[in-house]
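> for reference, the sequence and a predicted model appear below.
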Amino acid sequence: MDRSSPLPWKSRLFVLAIAVGFVAYGLLLVNLARTRKPWNDEAMSASAGYTLATKGYMAIPSFDESNPGMSGIQRHMYYIFPLQMVVMAPWYKVFGFSLFTTRMLSMFWAVLFGAALYQVMKLLTGNSWIGLFAVALTALDYQVVSAAAFGRYDMMVASLGFCGYACFLLLRQRSLSAAILSGNACIAAAGMTHPNGLIYFIGLWFLILYYDRRRIELQHIALAAVPYLLGGAAWAWYIFQDFHDFKIQLSGNSSNRFGLLHPIQALMNEIDLRYLRPYGLGPHSPGHESVLIRAKSVALLGYLAGVAGCLAIPSIRRNPGCRVLIFLTAIHFLFFTFYEGMKFNYYLIHLVPLYLCLLAVFLSYMWTARPALRPLLACGIAVIAAVGAGGAVMRIRLNDMGTSYDPAVSFLKQAASKDDLVFAACSFGFGYGFVPALVDDDTLGYFSKRQARFIVMEEIYDDMVNVHRAADPAIYAHIMEVMPAYKLVYDKAHYRVFERIAPAN
């Protein structure tokens, strides 16, 4: 059919359905971004990016330099890898600074991520419909929706990583040099955003060696090295502005991140912390105790079905592209199980899409090979999609921004003067303002010897008190000694504000 001719009504209806779905998905992300209370990781990078945009240097002004691992952090920020903040600075100049614009940047990366994932699946399977199906399943997964409407760097890393895969697979037949250069440029950028970029480096070089190991020449190795050398040189220039502070800050944020020394414990932690708890089969965060949370475990069944189905069916295993997808999934899984030791559920963005790609392949095979099972398959797909999107809708209805965070910020703004020292998680800065009087110090002045007029306690600080009780008895004893000097003046929806009874020294 000539491309200029009108589309048949069925095709027009399909395009309309895609457009409506895209708009609905955008509204879902926007509402989730507006109703979810901020987290410390968002505030750290956002405040550093905003400082770069307005003052020309990266810093986290809410952190106290007297605390361990924070040396020089109000002058040079080495605590987080830099590329996200470098991108944030012009973003804030164009769109303004707020929690929502911070999360808008993640939404942008989510769009790029979806496009890259589609290309990877289309190129591996040779089927654009499976590519679209994989993107749809992934987009509706709760972990992916959450990452897309959250201001951490994870979606940026995943987007750059999958762009690296897509660039190589798309260009390798036309120009191996261009494929290797562009793919490694994306991976270098991912690595300058977060250490998890390493997994995409491993994955990309698996693809390069798997497909083109006989074509690789010295010139290709040299081309691959270019983006890493350029990025490394720029980063080294920044690091050597204060190498002493770099060592202290980076070491303070990199402890307990490697699981290779204890593989059995690493596997047990992976199952418990990365899967059971995030999917409703373990303890939940305050305010998220609904029994419906356990419905998220349906997604786990989908992941298992996809992996098991692709491994069990010989025709899938023998398919060259599907075999590559299985190997790539195994590489990601092994990396996050035995190398990465923190077990944050945020990092599921680097795992879940591959599980769902396998599920898309398996379901597509079953749809074609077993027509009698189509009603059951359709129900299963609907349930998986509904659970993922439904989890986001429940989070929107919970609205912990409006019911928990905003009232606490409003109270403190009325109770405190601009010069009153406040100890609070730096996420409080989005609403209260990243002002000098707001200091993120969960030791409550143990190192700085400062006394705040107000202390804001919520789940972040509550967790840190428990950490200090187990790991830092002296800090815990100091906190227990300090708190009797304060009275509770606000207690609502998991936020408690304490005011010092006597004036601070």
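Yep, it's here.

> any stretches of the stretch 1-150 of the chain with poor pLDDT?
1-10, 14 (pLDDT under 70).

> quick one: the helices in it, in order.
9-35, 40-55, 83-95, 99-125, 128-139, 142-148 (DSSP state H, counting those that start in this stretch).

> nearest to residue 296, of those helices?
helix 142-148 (6.0 Å; C-beta to C-beta). Heads up, the C-betas are built off the backbone N, CA and C, glycines and all.

> what distance do you get for residue 397 to residue 244?
49 Å (C-beta to C-beta, to the nearest Å).

> returning to what we had before: now render the helices of the stretch 1-150 of the chain as CSV, adding mean neighbour count.
Shown next, in CSV, are the helices of the stretch 1-150 of the chain (neighbours: other C-beta atoms under 10 Å):
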stretch, mean neighbour count
helix 9-35, 13
helix 40-55, 22
helix 83-95, 18
helix 99-125, 22
helix 128-139, 21
helix 142-148, 25
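
> out of these, which gets nearest to residue 70?
Minimum separation from residue 70 across these (C-beta to C-beta) falls at helix 40-55, 11.3 Å.

> other SSEs contacting the closest one?
helix 83-95, helix 99-125, helix 429-432 (3 or more C-beta pairs under 8 Å, 6 or more residues apart in numbering; DSSP states H and E).

> any stretches of the stretch 251-400 of the chain with poor pLDDT?
For the stretch 251-400 of the chain (pLDDT under 70), the answer is 254-261, 283-292.

> if you set the cut-off to 50 instead, what comes out?
Per-residue confidence for the stretch 251-400 of the chain (pLDDT under 50) gives these ranges: 287-288.

> and the helices in it?
263-269, 297-312, 314-318, 320-338, 352-369, 374-398, 400.

> coming back round to it: quick one: closest of the helices of the stretch 1-150 of the chain to residue 403.
Between residue 403 and these, the shortest separation by C-beta to C-beta is 9.1 Å, and it involves helix 9-35.

> got the angle for that closest one vs helix 128-139?
Here the directions of helix 9-35 and helix 128-139 differ by 20 degrees (axes from the mean of the first three to the mean of the last three C-alpha atoms, to 10 degrees).

> quick one, domains of the protein?
9-35+98-398, 401-500 (automatic domain parsing).

> so how far is the longest one from its chain's centroid?
Spelled out, that is domain 9-35+98-398. 10 Å (C-alpha atoms, centre = their mean, to the nearest Å).

> closest to residue 477 out of the helices of the stretch 1-150 of the chain?
Taking those one by one with C-beta to C-beta, helix 40-55 is closest: 24.3 Å.

> picking that back up, adding mean neighbour count and distance to residue 150 as columns, could you present the helices of the stretch 251-400 of the chain in a markdown table?
Output for those, formatted as a markdown table (neighbours: other C-beta atoms under 10 Å; distance: least, C-beta to C-beta, whole Å):
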| stretch | mean neighbour count | distance to residue 150 |
| --- | --- | --- |
| helix 263-269 | 13 | 23 |
| helix 297-312 | 18 | 18 |
| helix 314-318 | 12 | 33 |
| helix 320-338 | 18 | 19 |
| helix 352-369 | 22 | 14 |
| helix 374-398 | 16 | 11 |
| helix 400 | 18 | 13 |
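
> so which of these is nearest residue 168?
helix 320-338 (11.7 Å).

> give me the helices and strands touching that closest one, please.
Right, helix 320-338 is packed against helix 99-125, helix 197-212, helix 263-269, helix 297-312, helix 314-318, helix 352-369 by 3+ C-beta pairs under 8 Å, 6+ apart.

> list of residues touching the fifth one?
With contact meaning C-beta atoms under 8 Å, 6 or more residues apart in numbering, helix 314-318 is reached by 309-311, 322-323, 326, 361-362, 365.

> now with 7 Å, please.
With C-beta atoms under 7 Å, 6 or more residues apart in numbering as the test, helix 314-318 has contacts from 310-311, 322-323, 361, 365.

> again, but for stretch 376-393
With C-beta under 7 Å, 6+ apart as the test, stretch 376-393 has contacts from 28, 32, 140-142, 145, 295-296, 298-299, 302, 363, 366-367.

> Three-state assignment for the residue lying closest to residue 423 once chain neighbours are set aside, please.
Nearest residue to residue 423 in three dimensions, chain neighbours excluded: residue 452, at 4.2 Å (C-beta to C-beta, 6 or more residues apart in numbering). Following DSSP: H, G, I helix; E, B strand; the rest coil, the label given to residue 452 is coil.

> now for residue 452, how many residues are close by?
When neighbours are defined as other C-beta atoms under 10 Å, residue 452 has 25 of them.
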